[in-house]
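Visitor: Build me a model:
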Amino acid sequence: MTNWFDPGTDGGPYRATVRLTGHRIGVSSHGTGRDTFVHEEAVNDIVPGSGPTSITSWIYGLQPGEWVVVADPLRPEGHGRCDRLGRRRSERPLLRPATWSWRRWAVGTAPQAPLRTRWALPAPLARIPAVVPGSWPVLGLLAVLTALLTQAVILGHERIPGGPAFAASAVGVGLGLIGAKVWYAVLHPGPMRQAVLGGWAVDGFLVVTFPVVAVTLIATGMPVGTVLDATAPGLFLAVAIGRVGCFLTGCCAGRLTQSRFGIWSSDRRIGGRRIPAQLVEAVAGLVLAIATWVMIHARIPGVDGASFVFAMAVYGVLRQIVLRLRAERREFSWRRGAAATG
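Guide: Numbering: from 1, shown residues only. Below you'll find the model as predicted:
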């Protein structure tokens, strides 16, 4: 289920707790422990002045059926206004059931209605404001195909056989995806299932892919520098496309902000006005794709492989900046059983 609240306008970032109380419809007062629940969930780094903020919650291990769920805000911590004596008055933001409008790109109030449970595995696919489930895999595949096609076009223009280069790229991408998953698991230790269902680390992909591609090209007698230069425009086009998928999926989200340059988006749990870190990286990727394309056709600087090295160095610096714009990671707990979602 998703609820939204107004975080207020005064003060600095604060933390609040939401209490969800639910009972299954049609069950007597002597129902089992799986027919009722009380669940408290903390919301960190709420930013006053950032506009409507939503929280999406999953409750696992319930009896299947229809449920009535009530969301009550508990006392916020470190937030409130002061009375005439300077004492802090606690504020309790009103929670409302949330709905999402793609046309207005805004969260609104949904009518009160019972919630139906669903099987636990597809529970994360439930409707979440500003999130399109599955958008990252689709755009990720499009990104890979775009990168390979762009590489083939540039190699054809340079009169270099595309077959060995494509094979090297395919091997590099395949092993790079494994590296991205392993890198993610190392950075986010936890249950194996969480690592498998979780995200991918771009750093792990890059660290594995290009050494593999370089070694494969050397083994097949291909000009390494020229092929890597031809790979750069497609690579950064893929970054631009893939980061749009991240934005729509709710991964790699930026911090909540009250800045007018923020864009309402979600990390799949907390929705609100955020620094669009994914879109910033997408724009950086698009600019680097255009720059490397121009450098290749203008023969600048005239040294094979220089365009690729230059672009990777710039991207490495920009990525460190973007990483500092992201929100802190919030752990998600996966459990078996039915889940009440809405």
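Visitor: Which residues are in contact with the residue nearest the centre of the chain?
Guide: Central residue of the chain (C-alpha atoms, centre = their mean): Cys251, 0.7 Å from the mean position. Contacts of Cys251 were listed using C-beta atoms under 8 Å, 6 or more residues apart in numbering, and they are 136, 199, 267-268, 278. To be clear about C-beta, it is placed using only N, CA and C from the backbone, and glycine gets the same treatment.
Visitor: what's around Gly302, how many residues?
Guide: Residue neighbour count, defined by other C-beta atoms under 10 Å, stands at 8 for Gly302.
Visitor: I'd like the numbering to begin with 32 instead of 1 from here.
Guide: Shifting the count to begin at 32 puts that one at Gly333.
Visitor: Same question for it, what's its three-state structure.
Guide: What DSSP: H, G, I helix; E, B strand; the rest coil gives for Gly333 is coil.
Visitor: which phi and psi does it have?
Guide: Torsion angles at Gly333 (phi, psi; degrees, to the nearest 10) stand at phi 90, psi 10.
Visitor: Could you do the one 3 residues further on as well?
Guide: As for Gly336, its main-chain torsions (degrees, to the nearest 10) stand at phi 90, psi -10.
Visitor: Next up, the contacts around it.
Guide: 255-257, 259-260.
Visitor: next one: Arg357
Guide: Contacts of Arg357 by C-beta under 8 Å, 6+ apart are 283-286, 308.
Visitor: Just to be sure, which of the residues you listed are found in helices?
Guide: In this view, those that belong to helices under DSSP state H are Ala308.
Visitor: which two in the contacts of Arg357 are spaced the farthest apart?
Guide: Greatest spatial distance in the contacts of Arg357: Cys283 and Arg286, 11.7 Å, computed using C-beta to C-beta.
Visitor: Of these two, which one has the most company?
Guide: Between Cys283 and Arg286, counting by other C-beta under 10 Å, Cys283 is the more crowded of the two (23 against 19).
Visitor: re earlier: common neighbours of Cys283 and Arg286, please.
Guide: The contact sets of Cys283 and Arg286 overlap at 308, 357 (C-beta under 8 Å, 6+ apart).
Visitor: one step back: need the contacts of Arg357 in TSV with distance to Ile352 and pLDDT, can you?
Guide: What follows is the contacts of Arg357, written out as TSV (distance: C-beta to C-beta, whole Å; pLDDT from 0 to 100):
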residue	distance to Ile352	pLDDT
Cys283	14	89
Ala284	16	94
Gly285	12	95
Arg286	13	95
Ala308	10	96
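Visitor: what does the host helix or strand of His54 rub up against?
Guide: Using DSSP states H and E, His54 falls within strand 45-55. For strand 45-55, contacts defined as C-beta under 8 Å, 6+ apart pick out 32, 34, 62, 66-77, 79, 86, 88, 90, 93-94, 96-110, 124, 126, 146, 371.
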